[in-house]
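J.: sequence unknown, structure follows:
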């Protein structure tokens, strides 16, 4: 019996679709804020959120493609620490811009309904925070699963013994 509602490949494909759709929506929002409202910082943070969402969809795609054949020498295994670092840096910067925008909007007593207020920047900073955290979490889980799969594929490790100089 096949369970389609909660199986991991189906949930991964749903998450892939959600991340891809979100990245396209974020790019369109960045274009609107940049062209119509001339809010370039908001457009920049919407673009950053789109890049994080696109990175998450890329990790989902890699997970789907390498599900049955882990390769310890693949580029994914070598780039996962860099993706972790990008996720952590994104969380720090996004948290900072979120608090900055909310503090500035509160001190200037801006309206919540005004499109040009700093609250919009705070929202896009929070969206970047959400997607960078998801990128960090997903790359950590992907690395953990990848290590478990490669250990299952190779149950023992052959160590090469290097003779010392006086033994030769």
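T.: Nice, I can see it. This one's a predicted model, so the numbers in the text were calculated from it and none came from an experiment.
J.: can you give me the buried ones in whichever strand or helix holds residue 148?
T.: Using DSSP states H and E, residue 148 maps to helix 118-153. Buried residues in helix 118-153, counted by 16 or more other Cβ atoms under 10 Å: 118-136, 138-139, 142-143, 146, 149. Where you see a C-beta, it was placed from the backbone N, CA and C, and this is true even at glycine.
J.: now the helices for the protein?
T.: Along the chain, the stretches classed as helices by DSSP state H are 8-35, 40-65, 75-107, 118-153.
J.: return the most buried member of those helices.
T.: Of all the helices of the chain, helix 40-65 has the most neighbours on average by mean count of other Cβ atoms under 10 Å, namely a mean of 21.
J.: now do it, average pLDDT.
T.: Across helix 40-65, pLDDT averages out at 94.
J.: for stretch 80-91, same thing?
T.: Here the average pLDDT along stretch 80-91 is 94.
J.: can the helices of the chain go into TSV with extra columns for distance to residue 164?
T.: Compiled in TSV, these are given as follows (distance: least, Cβ to Cβ, whole Å):
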stretch	distance to residue 164
helix 8-35	48
helix 40-65	42
helix 75-107	31
helix 118-153	30
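J.: spatially nearest residue to the residue positioned nearest the centre of the chain (excluding sequence neighbours)?
T.: By Cα atoms, centre = their mean, the chain has its centre lying nearest to residue 135, at 2.2 Å. Closest residue in space to residue 135, ignoring its immediate chain neighbours: residue 87 at 4.3 Å, by Cβ to Cβ, 6 or more residues apart in numbering.
J.: wait, isn't the residue nearest to the centre of the chain in contact with residue 88?
T.: No. When contacts are counted by Cβ atoms under 8 Å, residue 135 is not listed as touching residue 88 (9.6 Å).
J.: which stretches of the chain have low pLDDT?
T.: Along the chain, the model assigns pLDDT under 70 to residues 1-7, 68-73, 149-163, 165-168.
J.: quick one: contacts for the closest residue to residue 102 other than its chain neighbours?
T.: Among residues not flanking residue 102 along the chain, residue 122 sits closest, at 4.5 Å (Cβ to Cβ, 6+ apart). By Cβ atoms under 8 Å, 6 or more residues apart in numbering, the contact list for residue 122 reads 97, 98, 101, 102, 105.
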